[in-house]
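> Dropping the sequence and predicted coords here.
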Amino acid sequence: MKTFELRHIFQRSARLLAYLASILALGQPGVLRAEADHNGHDHDHGSHSHEGHDHSEGDGHDHDAAASAGGHDTHDDHDGHDHEEGVVVLSAEVMKEFGITIGQAGPGVLHEEVVLPGSIQFNRERVAYVTPRFAGTVMEIKARLADKVEAGQVLATLESTDTLRPFEVKAPFDGVITAYEVSLGQTVEAGEPIFTVADLSTVWADLRIYQRDMGKLTQGQPVLVSGGQGSGVFRGTVAYIAPVVDEHTRTGLARVVVKNHDGTWRPGQFVKGAVGIASHEEPVVVPRAAIVEYEGQPVVFVQTDEGFEPRPLVLGHADSESFEVEDGLLPGETYVTANPISLKAELGKGSFGGHQH
């Protein structure tokens, strides 16, 4: 009895090993699962044979794989866009939806700039210290701090300490009262400032020049003055460069006269000025907005017969808005000028809709 059982076990083991070897040779994992399931229901009868099951199970899994492969083809063609290896194909509707614009590569002008810190100051040529002509006592005050005044407007009435006759102190020009040092009944001397009137329709942007940049600035250069978020910008020119260096900061001074009719710029406000020190034309210039980093390189997306492909660039000079292209893009080639990040996402994800290939 024991000899029969051992022989039966050896026969089953030999058949199983041979079957496993045939499965590994054919590379059919589905058959392996089927055989494992079948062995779980095996009966202890030496006369049974498993060989009759070899063909049917493998055939069934082959049909399933073919059906699965055929079903995957339905994802290859997306509505409005397609994705090939390294190329993105987009319809006009998709480009409009994502704000993608194109243009032709060509020459452009680059502006070299120096950015300087600074602050807004009173235009000292339009500031007046109002003083009485005679010594007197303040009898009436008609203007206060921050009041807007007009030329000839009476600011205060005083009584002369010598003649006891009243006289008036008037505004010399249109402006704003920025300071006053006077009280009712106060006695003031002739020539003593009691009001400060400033015309704020223009102010000065005083920019500090670092020593390394002093040789780069000249009078008349264009300047873009900006005061941070919400303060707007002003385009002007360098009106004045100080002939001396500040002994405390060791910096020079460049001054811009800023128009301020709406009162946007206030004395004491911090600003920065981008001074254009040179300009030159290059054969191929692209906007900064057209360039993205892809696989560790700066690229633009160039339109080809197959679609849009990422083109690595060698970049040269730059300013705040554009880059010179030394290599990678030829004059006349069509490329994406705005929102290239959408195409980069397409290459990374497979499609805008999030379908994975």
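That came in fine, so what should we check first? Numbers count the residues shown, from 1 in each chain.

> Show me the protein divided up by domain.
2-74, 81-107+283-349, 113-122+201-281, 124-198 (automatic domain parsing).

> Could you identify which of the ones you listed has the lowest mean pLDDT?
Ranked by mean pLDDT, these end with domain 2-74 at the bottom, a mean of 44.

> on that earlier part again, any chance of the domains of the chain in a markdown table, plus mean neighbour count?
C-beta coordinates here come from the backbone N, C-alpha and C atoms, glycine included. Below are the domains of the chain laid out as a markdown table (neighbours: other C-beta atoms under 10 Å):
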| stretch | mean neighbour count |
| --- | --- |
| domain 2-74 | 11 |
| domain 81-107+283-349 | 17 |
| domain 113-122+201-281 | 16 |
| domain 124-198 | 15 |
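
> just checking, Pro172 touches Ala128?
Yes. At 4.7 Å, Pro172 counts as touching Ala128 under the criterion of C-beta atoms under 8 Å.

> joint contacts of the two?
Contact criterion C-beta atoms under 8 Å, 6 or more residues apart in numbering; residues shared by Pro172 and Ala128: Val197.

> Leu343 in helix, strand or coil?
helix (DSSP: H, G, I helix; E, B strand; the rest coil).

> Was I right to think it contacts Ile100?
Yes. With contact defined as C-beta under 8 Å, Leu343 and Ile100 form a contacting pair (7.2 Å).

> List the contacts of the residue nearest to Gly136 when sequence neighbours are not counted.
Leaving aside its sequence neighbours, Gly136 sits nearest to Leu158 (C-beta to C-beta, 6 or more residues apart in numbering; 3.7 Å). Shown in contact with Leu158 (C-beta under 8 Å, 6+ apart): Pro132, Phe134, Gly136, Thr137, Val138, Met139, Pro166, Phe167, Glu168, Val169, Val188.

> just curious, which of those residues is nearest to Ala290?
Val169 (62.2 Å; C-beta to C-beta).

> Thr202 versus the residue lying closest to Gln219 once chain neighbours are set aside, what's the distance?
Distances taken as C-beta to C-beta, 6+ apart place Val238 nearest to Gln219, at 5.4 Å, with adjacent residues excluded. Note on Val238: its distance to Thr202, by C-beta to C-beta, to the nearest Å, is 15 Å.

> which stretches of the chain form helices?
For the chain, applying DSSP state H gives helices covering 2-26, 29-39, 54-72, 92-97, 341-349.

> Who are the packing partners of the last one?
Where contact means 3 or more C-beta pairs under 8 Å, 6 or more residues apart in numbering; DSSP states H and E, helix 341-349 is packed against strand 81-84, strand 87-90, strand 292-294, strand 308-312.

> got TSV for these, with distance to Leu217 too?
TSV is the format used below for the helices and strands packed on helix 341-349 (distance: least, C-beta to C-beta, whole Å):
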stretch	distance to Leu217
strand 81-84	50
strand 87-90	46
strand 292-294	34
strand 308-312	37
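
> Please identify which of those is closest to Glu321.
Using C-beta to C-beta and comparing those, the one that lies nearest Glu321 is strand 292-294, at 16.3 Å.

> Identify all contacting residues around that closest one.
Pro298, Val299, Val300, Pro310, Pro340, Ile341, Lys344, Leu347.

> Please name the residues that touch Val223.
With C-beta under 8 Å, 6+ apart, Val223 has these contacts: Ala205, Leu207, Arg235, Gly236, Thr237, Val238, Ala254, Val256, Gly273, Ala274, Val275, Gly276.

> Output those as CSV; include the columns distance to Pro222.
Shown next, in CSV, are those (distance: C-beta to C-beta, whole Å):
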residue, distance to Pro222
Ala205, 13
Leu207, 13
Arg235, 7
Gly236, 8
Thr237, 6
Val238, 8
Ala254, 12
Val256, 10
Gly273, 10
Ala274, 9
Val275, 7
Gly276, 4
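
> List the residues that contact the residue most central in space within the chain.
The C-alpha lying nearest the average C-alpha coordinate of the chain belongs to Ala289 (C-alpha atoms, centre = their mean; 8.5 Å). Contacts here follow C-beta under 8 Å, 6+ apart; on that basis Ala289 touches Thr337, Ala338, Asn339, Pro340.

> Which of the residues you listed fall in strands?
Thr337, Ala338 (DSSP state E).

> I'd like the contacts of Ala289 as TSV, with distance to Ile120 appended.
Shown next, in TSV, are the contacts of Ala289 (distance: C-beta to C-beta, whole Å):
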residue	distance to Ile120
Thr337	36
Ala338	34
Asn339	37
Pro340	38
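
> from the contacts of Ala289, which is closest to Val94?
Taking these together and measuring to Val94 by C-beta to C-beta, the closest member is Asn339, at 11.4 Å.

> Check whether the closest one really touches Ile102, as I assumed.
No. With contact defined as C-beta under 8 Å, Asn339 does not count as touching Ile102 (10.5 Å).

> one step back: ok, of the contacts of Leu158, which one's closest to Asp319?
For the contacts of Leu158, the nearest to Asp319 is Val169 (52.1 Å; C-beta to C-beta).

> who's that closest one bridged to?
Listed beta-bridge partners, Val169: Ala156 (assigned using DSSP bridges).
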